[in-house]
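Asks: test case, fold it:
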Amino acid sequence: MELKFKNKLCIIGIGGLGRDILCYYLDYIAHDVTNYFTDVCFMVDEEYYKEPTVMDVPVITFKDFDSNEYQVIIAISDPVGRANIVKKLPKHTQYFTFIHPSVIKTKWVEIGEGSIIMAGSILSCNVKIGKHSLLNIHTAIGHDCEIGNFFTAAPGVKVSGNCIIDNFVYLGTNVCIREKLKITNNVVIGMGGVVVKDVVDKGTYIGNPLKKLRG
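Replies: Predicted coordinates for the structure are as follows:
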């Protein structure tokens, strides 16, 4: 069944990512004035509610949220945090897949529901991105890559072709991944990490060449 378009947008989170997305959304509607939301709001947990507006946009809490009115963008960079929000929201919540107009992508790209592709990113041919994933500014994904759900690429990440990245993977700023590699579930790679072989164990990795942190 085709979902009815909801004309209100709810951005969950008022941190830097949430405010960035608001600004990029304004770019989006300036690029295409035929397809936009009539109302936009931020949403936070009650403990984070400090003021009724941020950047002239209303702020609501979860108790005020009506899933029958809004489409949702989850503006939280932590993959597990995004997954927890999805669990918290009603099952029939409709998620907006946001692709900034400056993104370069081929028609042979699949992007999952609720994912966010930020300004300056490049997606080559035969790329698959899972649900609720985030590609921050100037991320590049090479040909024939398959990326799972709840993936985060911080600014400047470079993934070479033919890579497979599983669910709940976080790549820090300027991480580089060699071609034809696999990264398993629940992996964090710190800023500037250089990946030259498969990452087969969950955990946190840093450095060039990459090393796993003990813990």
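
Asks: confidence score at Leu3?
Replies: What the model reports as pLDDT for Leu3 is 40.

Asks: can you give me the domain assignment for this structure?
Replies: 8-96, 99-202 (automatic domain parsing).

Asks: how about the most centrally placed residue in the chain, phi and psi?
Replies: For the chain, the residue sitting closest to the mean C-alpha position, by CA atoms, centre = their mean, is Leu134 at 1.7 Å. For Leu134, the backbone dihedrals (degrees, to the nearest 10) come out as phi -130, psi 120.

Asks: and it, how far from Leu181?
Replies: Noted for Leu134: a distance of 20 Å to Leu181, by CB to CB, to the nearest Å. C-beta here means a position set from N, CA and C on the backbone, and glycine is covered the same way.

Asks: buried residues in the helix or strand bottoming out on mean pLDDT in the chain?
Replies: Every helix and strand of the chain was ranked by mean pLDDT, DSSP states H and E. The lowest is helix 16-31, at a mean of 86. By 16 or more other CB atoms under 10 Å, the buried positions in helix 16-31 come out as Leu17, Gly18, Arg19, Asp20, Ile21, Leu22, Tyr24, Tyr25, Tyr28.

Asks: for the chain, give me the ranges with low pLDDT.
Replies: 1-6, 32-36, 215 (pLDDT under 70).

Asks: quick one: the helices in it?
Replies: With DSSP state H, the ranges of helices along the chain come out as 16-31, 79-88.

Asks: what would the ones you listed look like in a markdown table with distance to Val188?
Replies: Shown next, in a markdown table, are the helices of the chain (distance: least, CB to CB, whole Å):
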| stretch | distance to Val188 |
| --- | --- |
| helix 16-31 | 17 |
| helix 79-88 | 9 |
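
Asks: for Ile73, which of these is the nearest?
Replies: Ranking the helices of the chain by proximity to Ile73 (CB to CB) places helix 16-31 first, at 6.0 Å.

Asks: the closest one packs against which elements?
Replies: strand 8-12, strand 39-44, strand 98-99 (3 or more CB pairs under 8 Å, 6 or more residues apart in numbering; DSSP states H and E).

Asks: between the ones you listed, which gets nearest to Ser77?
Replies: Per CB to CB, nearest to Ser77 of the helices and strands packed on helix 16-31: strand 8-12, 12.1 Å.
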